[in-house]
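K.L.:
all I have is the shape, not the residue letters:
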């Protein structure tokens, strides 16, 4: 029996972009976070949950590694290609950059053989120069894969410089979102044949 679950599609992405284009990124009086920023968090969380549902179903034996990888590719193409024009271009560009770790970590998890010593990995990652994007992503992806596998991260590592986070910190923030998503999906499963 095949699963009929649609994890993420172009229409869903387009709807989010349209909503974000209409949102205000100026905080209302007396509020610290703007409506747009709140929406961006939900938007990122929505993508993260969609991707991790694929992984969860792989963990539950519903998908083979190949099927999970294929579905991951489908979502990645929608999320990581193309940018909206106008004011949102930079915002979505930076979200795509932070979501790199989501897709890379999930692939690493599916492949296996990732490192799991989070404390050492975080220290290593924070010591890598911002210019070495690939090396930093590799370290962050190991942390992400370990989290998908059940390890705990990353709240205690991201308190320091929240005002001006570097890219590695952005990835730790996304991995924390992944960690929360995995907890919320603890009971997620789908019986074959349900649509």
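P.N.:
Sure, I can see it. Bear in mind the structure is a predicted one, so any value in this text is a computation, not a measurement. Residues are numbered from 1 along each chain as shown.
K.L.:
and the nearest residue to residue 148 once chain neighbours are set aside, how close does it get to residue 147?
P.N.:
Leaving aside its sequence neighbours, residue 148 sits nearest to residue 109 (Cβ to Cβ, 6 or more residues apart in numbering; 4.5 Å). Where C-beta positions appear, they are placed from N, C-alpha and C, glycine not excepted. According to Cβ to Cβ, to the nearest Å, residue 109 stands 9 Å off from residue 147.
K.L.:
also residue 168?
P.N.:
15 Å.
K.L.:
contacts for stretch 24-33?
P.N.:
34, 35, 36, 37, 87, 91 (Cβ atoms under 8 Å, 6 or more residues apart in numbering).
K.L.:
residue 50: which of these is nearest?
P.N.:
Among these, residue 91 lies closest to residue 50 (Cβ to Cβ), at 19.6 Å.
K.L.:
wait, doesn't the closest one sit right on residue 40?
P.N.:
Yes: the pair residue 91 / residue 40 is scored as a contact, 6.9 Å apart, by Cβ atoms under 8 Å.
K.L.:
mutual contacts of the two, please.
P.N.:
Joint contacts of residue 91 and residue 40 (Cβ under 8 Å, 6+ apart) are residue 20.
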